[in-house]
Every structure is written in structure tokens, then in C-alpha cells.
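S.K.: let me see the structure of the following:
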Amino acid sequence: MQPFHLSRRNFLANSAALAGGTFLFAGPVRAQDKPSLKKDRLGIGSIGLRYQGSVITEKARLYGDVVALADVDQHVREQARASFGSTPAIFEDYRQLLDRKDVDVVLIGTPDHWHTKMVIDACRAGKDVYCEKPLTLTIDEGKLLTKAVQETGRIVQVGSWQRSDHRFRLAVEMVRQGRIGRLQKVDVVLGKNETGGPFAQRKPPKNFNWELWQGQTPDVPYLEERGHYTFRWWYEYSGGQMTDWGAHHIDIAQWAIDSLPVEVESTATFPEVVDGYNVAVDFSARYRYANGVEMTVGDTGRNGILFTGSEGRMFVNRGDIEGKPVEDLKANPLPREKFSVYENDNLTRPERRGKLDAIINHMGNFFDCVSERRQPVSDVVSQHRSVSTCHLGNISMRLGRSLKWDAENEQFVDDREADSYLMREQRAGYEIL
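M.R.: As a prediction, the model looks like this:
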């Protein structure tokens with residue numbers, strides 16, 4: 001395979017020409033694959049540096065130089081600068097980072113309620129973007145986001161990295177190639193949501209801009225448990241396990257199903273704790289897809305995805321891929337010349353052919369696609385559709401009834417109450433436009 005090189009000059013020259021519909025994948029990074037000359041390395045700006053934001057920034061350093069960092073927590077951004085060298089500029093407000101001409105690509109590791117606005121703002125500023133999952137807070141945000149990406153021609157990779165893991169990719173390909181017969185049912189287990197509260201109201205720490213952290217969400221008293229990692233257990237900022245693990249497992253399940261849901265019914269109980277976590281507990285959802293496949297999603301059982309077909313079953317999670325169809329691969333391997341999962345894959349380069357199960361580098365795929373101006377494996381359209389399915393389950397739970405979904409028009413069928421959940425009210429000054 002030819003070494004991977006990402007020239008900033010080539011990137012700028014090709015940025016206006018987006019060749020859509022084709023996937024290119026980067027394999028494991030080798031020392032000789034890293035752009036070494038300063039002129040060949042892109043400038044990286046990272047927004048949200050606690051937890052996963054620092055992880056993805058570290059991975060991106062293989063391909064470019066970290067030139068700017070932004071975080072609403074002074075301690076976090078100063079610690080990040082110490083971790084990534086003394087040269088990056090640091091900002092409290094991410095918009096100052098987007099104004100910098102030396103920032104070519106933007107990484108977003110903020111809480112979920114900021115993802116859509118930051119991606120749109122970055123694309124309109126002429127940056128390509130790697131954004132953590134889940135992509136959106138609401139379904140209508142996804143509509144706005146996909147339109148903005150299309151209009152600007154930017155490359156956006158979503159951090160649903162299971163699409164780059166050989167186990168999940170093999171499972172999807174086997175389902176698509178009929179190794180379990182006709183797919184009938186998919187069972188997804190995500191795990192339990194956290195419970196807790198009431199939590200004490202207090203003054204925000206001086207190092208933490210609570211007003212800016214809240215963004216579009218309602219202005220409420222500061223609770224330490226609303227911020228940082230535990231934001232995911234509040235509907236104001238996230239969607240619990242349905243959008244956390246769901247953005248991974250439901251995405252893989254839907255990739256294999258190769259269809260979109262038309263109906264969902266859910267059950268759940270909700271904690272009634274003032275100033276406490278408010279996402280559903282003891283939840284389950286059942287989806288019916290346009291092609292007749294049924295998918296269940298629950299919080300109890302072995303974390304992972306079970307595919308059931310007319311001729312067999314197969315289970316996959318981050319540690320294993322199991323089932324008789326998997327055992328049969330030794331005697332009856334998949335034909336490597338067939339890429340049924342990727343109808344538009346570019347197979348013209350011989351070094352790419354037959355490499356489906358060797359693609360493990362999700363960040364490398366992003367930078368490869370930035371260089372080539374091609375769509376990444378976790379593109380914005382597929383990820384909008386996947387997280388929309390997660391949102392449908394949460395909406396059904398919160399309404400306490402089944403819902404019919406018009407996937408083509410992305411609205412509920414004759415249901416104004418459910419349609420009111422497609423978008424949330426946004427605070428003045430933080431609107432997604």
C-alpha cells in the first residue's frame with residue numbers, strides 16, 4: 001500500500017470539489033504514514049477537551065498539529081494545552097477558534113447539545129469536522145445539519161467508530177450477504193441509565209462558564225452533576241443510553257437492516273426526583289422497519305446486537321462475534337471481491353481491494369477522506385438517520401405510546417403532539433440557524 005500523505009496544499013486546492021458517494025478507508029497508522037513536514041500537516045482545532053475530546057485529539061495528532069483548543073472550563077483547557085504542547089492557543093469561546101486561518105480541521109468532543117451548532121458553524125467557517133456521537137440532540141437538528149454539510153461541501157466524520165471495527169463490519173456484511181438467511185429480527189441491548197438525585201444547587205466554579213456550557217438549553221441553576229460526564233443522564237443535554245450506546249449499536253443494527261423504521265412502541269418508567277437525573281429507567285423499545293424487520297432495544301441482558309434470520313443467528317459486541325454462521329466462515333469464507341455493504345466503494349485502487357476486515361482506524365479514515373474529498377465511513381447522512389432512530393425511541397417513551405413514522409418526510413404520521421418533539425425551544429443567542 002502506498003504511504004498515506006496529507007498535503008495541506010492539496011487539501012486547500014481540492015476543498016471545493018467534493019466527490020460524494022464513495023468511501024475510502026485508512027488502515028493502521030505506521031510511522032512512515034504520518035505527514036512529517038510542517039507544510040504537509042493540517043492545523044487541528046479541538047473543542048471540548050474533557051474525556052473523549054482529549055482521546056480524539058491525541059489520535060488526530062498523528063496527522064496534523066494541534067494549533068488551537070477551546071473549552072468552557074479553564075482548568076480543562078489549560079490542562080489540555082499542557083498535554084498537547086505549549087504552542088496551541090486556548091479559548092473559552094469556540095467561535096474564536098473557528099476564526100483562525102491556521103485551523104483546517106475541527107474536532108468536537110463537547111456534550112451532545114452543542115454538537116449540531118458547532119458542526120454547522122465549523123462547516124460554514126470552511127473547516128472539515130470530526131464530531132463525537134451522538135450527532136444531534138433532536139431530529140430536526142439532523143435535517144439542518146445534513147443540509148449545511150451538503151451546501152458547504154465539507155467532510156464530516158462522526159465518532160461512531162464501531163463502523164471501523166472488523167467485528168461489526170463483518171457482522172453487517174454477513175447479514176447483507178444472506179449468511180443467516182432472510183433477516184427477521186434484531187435485538188439490541190444497551191445497558192441501564194444512571195439514577196440519582198436530588199443534587200445540591202451551588203454557585204458555578206469560577207473556572208467554569210456555566211452560561212456558555214448550557215448553550216441552547218434552558219437556563220437553570222448549576223448542579224455539578226449536569227456537567228461533564230454525567231450530562232448524558234439529563235434529557236436537556238442528551239438522551240441517556242438510547243443515544244449514548246444507541247448511537248453505536250443501533251447504528252450498526254440499522255446498517256445491517258438496510259431500511260428505515262416506520263413504527264415504534266416503547267415502555268419506560270421515569271424517575272420523579274427534583275434536581276435529579278431524568279432519563280428513562282427500565283426501558284424497552286420495539287421498531288418495525290419498512291422492509292418488515294423488527295428491532296427491539298432494551299436495557300437488560302448482554303450488551304451487544306443479536307441478529308436472527310431464517311437460517312441462523314449471530315451475536316456481536318466489542319469483544320466477540322459469535323454464532324454458527326461465524327464458525328462456518330472457515331470452510332465457506334466470504335468472497336472478498338464482494339462489498340455488498342458499500343455499493344459505492346472505490347475499488348479502482350488495487351491496494352484497497354479485499355481490505356474490508358482490516359479497516360480499524362476511524363480517525364485515519366477521516367483524514368484520508370479530507371485529503372481525497374470523499375465521504376467517510378460514518379458520514380453525516382447515515383449518522384443523522386441512525387440517531388434519529390434513537391430519538392424516535394425516546395420520544396415514544398416520553399409520550400407513553402406507539403408512533404408511526406414517515407421516514408421519507410421525517411415527521412410523524414398525523415401526530416402533531418409527537419411532531420412537537422422534533423425540535424426543542426432554543427435560548428436566544430444560541431439558536432441553530
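
S.K.: only C-alpha atoms for contact and neighbour calcs from this point on.
M.R.: OK.

S.K.: centre-most residue in the chain?
M.R.: Geometric centre of the chain, nearest residue: Lys133, 2.8 Å, by CA atoms, centre = their mean.

S.K.: who's in contact with the closest residue to that one other than its chain neighbours?
M.R.: Leaving aside its chain neighbours, Lys133 sits nearest to Gly159 (5.3 Å; criterion: CA to CA, 6 or more residues apart in numbering). Applying CA atoms under 8 Å, 6 or more residues apart in numbering, we find Gly159 in contact with 130-133, 362, 378.

S.K.: residue ranges in the stretch 201-350 of the chain under the pLDDT threshold?
M.R.: 336-350 (pLDDT under 70).

S.K.: what about the strands in it?
M.R.: 261-269, 281-289, 294-298, 304-309, 312-316, 321-322 (DSSP state E, counting those that start in this stretch).

S.K.: what pairs with the second one, parallel or antiparallel?
M.R.: According to DSSP bridges, strand 281-289 forms sheet pairs with strand 261-269 (antiparallel), strand 294-298 (antiparallel).

S.K.: of the ones you listed, which is nearest Ala253?
M.R.: Closest of the strands paired with strand 281-289 to Ala253 is strand 294-298, at 8.2 Å (criterion: CA to CA).

S.K.: could you pull up phi and psi at the residue nearest to the centre of the chain?
M.R.: With angles defined as degrees, to the nearest 10, Lys133 sits at phi -80, psi 160.

S.K.: TSV for the strands paired with strand 281-289, including mean neighbour count?
M.R.: Converted to TSV, the strands paired with strand 281-289 look like this (neighbours: other CA atoms under 10 Å):
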stretch	mean neighbour count
strand 261-269	21
strand 294-298	22
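
S.K.: okay, these in JSON lines with distance to Ile120 next?
M.R.: Shown next, in JSON lines, are the strands paired with strand 281-289 (distance: least, CA to CA, whole Å):
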{"stretch": "strand 261-269", "distance to Ile120": "26"}
{"stretch": "strand 294-298", "distance to Ile120": "30"}
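
S.K.: so which of the ones you listed gets nearest Gly215?
M.R.: Among the strands paired with strand 281-289, strand 261-269 sits nearest to Gly215 (CA to CA), with 28.3 Å.

S.K.: could you dump the closest one to PDB, C-alpha only?
M.R.: Taking Å, rounded to 0.1, in the frame of the first residue of the first chain, the C-alpha atoms of strand 261-269 are listed here in PDB:
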ATOM      1  CA  PRO A 261     -38.200   2.500  10.700                       C
ATOM      2  CA  VAL A 262     -41.900   3.200  10.100                       C
ATOM      3  CA  GLU A 263     -43.300   2.500  13.600                       C
ATOM      4  CA  VAL A 264     -42.000   2.400  17.200                       C
ATOM      5  CA  GLU A 265     -43.600   1.500  20.500                       C
ATOM      6  CA  SER A 266     -41.900   1.800  23.900                       C
ATOM      7  CA  THR A 267     -42.300   1.300  27.600                       C
ATOM      8  CA  ALA A 268     -40.300   3.000  30.400                       C
ATOM      9  CA  THR A 269     -40.500   4.300  33.900                       C
END
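
S.K.: surely Thr136 and Gly142 touch.
M.R.: Yes: contact criterion CA atoms under 8 Å: Thr136 and Gly142 qualify, at 6.0 Å.

S.K.: in this protein, what residue spans correspond to helices?
M.R.: Assigned by DSSP state H, the chain shows helices spanning 8-14, 52-60, 74-83, 94-98, 115-124, 139-152, 166-176, 210-214, 246-257, 324-327, 362-372, 380-399, 416-419.

S.K.: distance to Glu225 and mean neighbour count for those - can I get that in a markdown table?
M.R.: Shown next, in a markdown table, are the helices of the chain (distance: least, CA to CA, whole Å; neighbours: other CA atoms under 10 Å):
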| stretch | distance to Glu225 | mean neighbour count |
| --- | --- | --- |
| helix 8-14 | 41 | 14 |
| helix 52-60 | 18 | 19 |
| helix 74-83 | 17 | 17 |
| helix 94-98 | 23 | 20 |
| helix 115-124 | 20 | 22 |
| helix 139-152 | 25 | 19 |
| helix 166-176 | 33 | 22 |
| helix 210-214 | 12 | 18 |
| helix 246-257 | 22 | 24 |
| helix 324-327 | 43 | 16 |
| helix 362-372 | 30 | 25 |
| helix 380-399 | 21 | 24 |
| helix 416-419 | 29 | 14 |
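
S.K.: and those helices as TSV, adding distance to Tyr237?
M.R.: Formatted as TSV, the helices of the chain follow (distance: least, CA to CA, whole Å):
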stretch	distance to Tyr237
helix 8-14	34
helix 52-60	16
helix 74-83	20
helix 94-98	18
helix 115-124	10
helix 139-152	13
helix 166-176	28
helix 210-214	8
helix 246-257	15
helix 324-327	39
helix 362-372	25
helix 380-399	13
helix 416-419	19
